[in-house]
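S.K.: what's the 3D shape of this:
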Amino acid sequence: MTEATVPNAAVASALTKPGTAGDSITASALSETQLMASRLTEDVGGGRNEVKVLHQQYDDLHQRSHDVEWRAATAARAKSGVTTLLSELADLGFAWRDIARLVGVSVPAVQKWRKGEKASGESRKRLASLLATCDIITNHYMVEEIASWFEVPLSSSAPITPIDLYADNRADLVFEFSSGHTDPEGILTQFLPDWREQYRSDFEVFEASDGNFSIRAKG
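M.R.: Next up is the predicted model:
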């Protein structure tokens, strides 16, 4: 004998009760809103991906343009003699020890050039390249007193300066830092991936009430 199923009265009423016009309009509007939101999410997501690609392409193009300009400026600067190049660097405020480090030679070598002794073609090119770098940064990014700017740490969290970058043949990072387009800590990571671990400290630099910088324990 087949057992009869007795439907719940509330369920049966809900299944058989016809929807009102208001219910239909509300459901339709909600469905349309969801559809539009879904399409908007897809469009914005696609747009973000396109922006990321464009950002990378423009970063690459900017670096290449810097390199082309740098090479051309170096060639123009190299027309000057070594003593002239040294004099111009000194006029910008560079110390002889910094010039020596930036071009990859000893301080005695720089002193000999100052006295008129002959420098190699490569050394002359490196002096010209350094001046060309200063020209580009000064002209494009309005950096004043460029010699002292080269001594400024990229971040208070690490003592790495543009001098360190340039001396390690990373003029590209020096240009990037001067442009302000990239976060300094991002530049540090490109230069020294483990810099946070290497320069971790329980102390921090702060500006005291008298305007001078000092050191104190963190926290």
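
S.K.: what are the ranges of the strands in the chain?
M.R.: Ranges of strands in the chain, per DSSP state E, are 203-207, 213-217.

S.K.: So which of these is the most surrounded?
M.R.: strand 203-207 (a mean of 11; mean count of other C-beta atoms under 10 Å). Every residue, glycine included, has its C-beta placed from N, CA and C.

S.K.: For the residue nearest the centre of the chain, give me the pLDDT.
M.R.: For the chain, the residue sitting closest to the mean C-alpha position, by C-alpha atoms, centre = their mean, is T182 at 1.9 Å. T182 is assigned 88 on the pLDDT scale.

S.K.: Then the one 5 residues further on?
M.R.: Turning to I187, the model gives it a pLDDT of 95.

S.K.: shouldn't it be in contact with E176?
M.R.: Yes - assessed by C-beta atoms under 8 Å, I187 is found in contact with E176 at 5.9 Å.

S.K.: re earlier: a markdown table for the strands of the chain, including mean pLDDT and distance to N49?
M.R.: Below are the strands of the chain laid out as a markdown table (pLDDT from 0 to 100; distance: least, C-beta to C-beta, whole Å):
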| stretch | mean pLDDT | distance to N49 |
| --- | --- | --- |
| strand 203-207 | 71 | 39 |
| strand 213-217 | 75 | 43 |
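
S.K.: need the helix or strand of this structure with the lowest average pLDDT.
M.R.: Here the helix or strand of the chain ranked lowest by mean pLDDT, DSSP states H and E is helix 9-16, holding a mean of 47.
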